[in-house]
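*Asks:* what would the 3D arrangement of this be:
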Amino acid sequence: MARTFNKKGPDKRKKRFSTGMREQTQCRFCRESKKYIDYKDIDTLSKLLTNRGKIFSRKRSGNCAGCQRKVQTAIKRARYMALLPFTS
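*Replies:* Presented below is the predicted three-dimensional model:
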């Protein structure tokens with residue numbers, strides 16, 4: 001059985017994928033050109049946590065991979081020093 005496509009089929013698919021592209025933006029730490037993320041900066045780190053104390057993902061926080069790793073170690077250090085909670 002041969003498969004037949006109507007005129008709208010492939011064109012719709014191309015349009016859908018081409019419109020899904022998003023322009024890339026820099027993360028907040030790269031914009032400020034920070035080399036080190038301080039674990040004592042509780043205001044900045046608390047914006048990257050949920051109300052239950054979980055770390056936001058890269059996609060949700062908007063960080064790049066390198067800055068996300070720095071944020072993760074900073075949050076863990078702040079938790080160890082009892083500046084941030086482990087859980088709510």
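
*Asks:* where does this structure dip in pLDDT?
*Replies:* 1, 4-24 (pLDDT under 70).

*Asks:* return the distance of the spatially most central residue of the chain relative to Phe29.
*Replies:* Geometric centre of the chain, nearest residue: Arg58, 2.1 Å, by Cα atoms, centre = their mean. Arg58 sits 12 Å away from Phe29, going by Cβ to Cβ, to the nearest Å. (Each C-beta comes from the backbone N, C-alpha and C, glycine too.)

*Asks:* same thing with Lys76?
*Replies:* For Lys76, the distance to Phe29 - Cβ to Cβ - is 17 Å.

*Asks:* looking at those two, which is more packed in?
*Replies:* Phe29 (20 against 14; other Cβ atoms under 10 Å).

*Asks:* ok so the more buried one is a helix residue?
*Replies:* Yes. Under DSSP: H, G, I helix; E, B strand; the rest coil, Phe29 falls within a helix.

*Asks:* what about the closest residue to it other than its chain neighbours, distance to Thr44?
*Replies:* Nearest residue to Phe29, sequence neighbours excluded (Cβ to Cβ, 6 or more residues apart in numbering): Cys67, at 4.3 Å. Distance of Cys67 to Thr44, given as Cβ to Cβ: 11 Å.

*Asks:* before we move on, what about Arg69?
*Replies:* Arg69 is 16 Å from Thr44, by Cβ to Cβ.
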